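Asks: coordinates only, no sequence provided:
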């Protein structure tokens, strides 16, 4: 996977909150507190037979032991994503018998112009 402005911004934001515990796509190691991220890319603004902007639908998965309070970690991740120009993340509890699993979903845009206004509209409120 090659680095893009979005992946660099995402990894940088998350590592600032969970140093040494941020992984793209999947993690199978021994850590009990870690973050995994993935995304879908939606190309936009087509001209000259190519897209000139993209919207990224980003998921950040926070894994914690059952007995740990997730509040501080969730808020720190939300603030870090917002500061890195992502929309304010929504939150889903996907926990199961193995531990806590919190899914933060947000968007990131590149290409400028209209599509960068998504953050303003999504984040207002």
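Replies: Noted; the coordinates are in hand. Everything quoted here is computed from the prediction, not taken from an experiment.

Asks: contacts, neighbours, all on C-alpha from now
Replies: OK.

Asks: least trustworthy helix or strand in the chain by mean pLDDT?
Replies: helix 117-123 (a mean of 50; mean pLDDT, DSSP states H and E).

Asks: flag every buried residue along stretch 91-111.
Replies: 91, 95, 99-110 (16 or more other Cα atoms under 10 Å).

Asks: ok so residue 10 is a strand residue?
Replies: No: counting by DSSP: H, G, I helix; E, B strand; the rest coil, residue 10 falls outside a strand, being helix.

Asks: count the residues that sit near it.
Replies: Counted by other Cα atoms under 10 Å, the residues lying close to residue 10 total 22.

Asks: next one: it from residue 22, what distance?
Replies: Using Cα to Cα, to the nearest Å, residue 10 is found at 10 Å from residue 22.

Asks: residue 43 touches residue 108, doesn't it?
Replies: No: using Cα atoms under 8 Å, residue 43 makes no contact with residue 108, being 12.0 Å away.

Asks: what sits in contact with each of these two?
Replies: Each of residue 55 lies in contact with both residue 43 and residue 108 under the rule Cα atoms under 8 Å, 6 or more residues apart in numbering.
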